[in-house]
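In: The amino acid sequence is not available; the structure is as follows:
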């Protein structure tokens, strides 16, 4: 499965120590150059900036041949990620922002957010979901406690089965 990532999932997976689940979950992981630039922003946490300066070989940096006019209000990383996913016929876009997810879906793309990626990794026994969520709550990631609890309940039910 080919996926294209926006900035947010890479940032938060790095911050919770789960970035290495991506190549284990997906056959190929792409990101456009604008996403890498956003990860190097001065306000980005130091470990994320360092990682983005020299991304791992499994992350394919690719520029979309055309930035499709998607919608006003998308940041450049989101716009490039969606355009690249369309061009590559990717199975999904890794994206957290609601507007970006809505636009990606309107173009026929599946979307996975950071929480979904962590859940998929937990299903594959690549990480402990509760530990990852505890770490995620110590970042600037915004999500309701109810959504985290629902994901933890699904994880617990899966482990029972």
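Out: On my side now, so go ahead. Small disclaimer: the values here were computed from a predicted structure and weren't measured.

In: Report the separation between the two terminal residues of stretch 4-23.
Out: Stretch 4-23 has its terminal residues 12 Å apart, counting by C-alpha to C-alpha, to the nearest Å.

In: cool, stretch 122-129 as well?
Out: In stretch 122-129, first residue to last residue: 6 Å (C-alpha to C-alpha).

In: average pLDDT for that stretch?
Out: Confidence for stretch 122-129, expressed as mean pLDDT, is 96.

In: and what of stretch 148-156?
Out: The average pLDDT within stretch 148-156 is 95.

In: swap in stretch 81-90?
Out: On average, stretch 81-90 scores 95.

In: quick check, distance from it to the centre of its chain.
Out: Relative to its chain's centre, stretch 81-90 lies at 14 Å (C-alpha atoms, centre = their mean, to the nearest Å).

In: Give me the buried stretch members for it, please.
Out: Residues 81-88, 90 are the ones in stretch 81-90 that count as buried (16 or more other C-beta atoms under 10 Å). Backbone N, C-alpha and C define where each C-beta goes, glycine included.

In: Ok, stretch 110-118 next?
Out: In stretch 110-118, counting by 16+ other C-beta under 10 Å, buried: 111-118.

In: And for stretch 37-49?
Out: Neighbour counts over stretch 37-49 (16+ other C-beta under 10 Å) mark 38-39, 44, 48 as buried.

In: what residue ranges in this protein score low on pLDDT?
Out: Within the chain, the stretches with pLDDT under 70 are 67-72.

In: can you give me the helices for it?
Out: Listed in chain order, the helices of the chain (DSSP state H) span 7-15, 22-25, 33-39, 46-53, 76-88, 98-106, 114-123, 129-136, 145-160.

In: Turn these into TSV, including distance to residue 65.
Out: Formatted as TSV, the helices of the chain follow (distance: least, C-beta to C-beta, whole Å):
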stretch	distance to residue 65
helix 7-15	21
helix 22-25	24
helix 33-39	13
helix 46-53	23
helix 76-88	6
helix 98-106	18
helix 114-123	27
helix 129-136	35
helix 145-160	36
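
In: Good, we can wrap up now.
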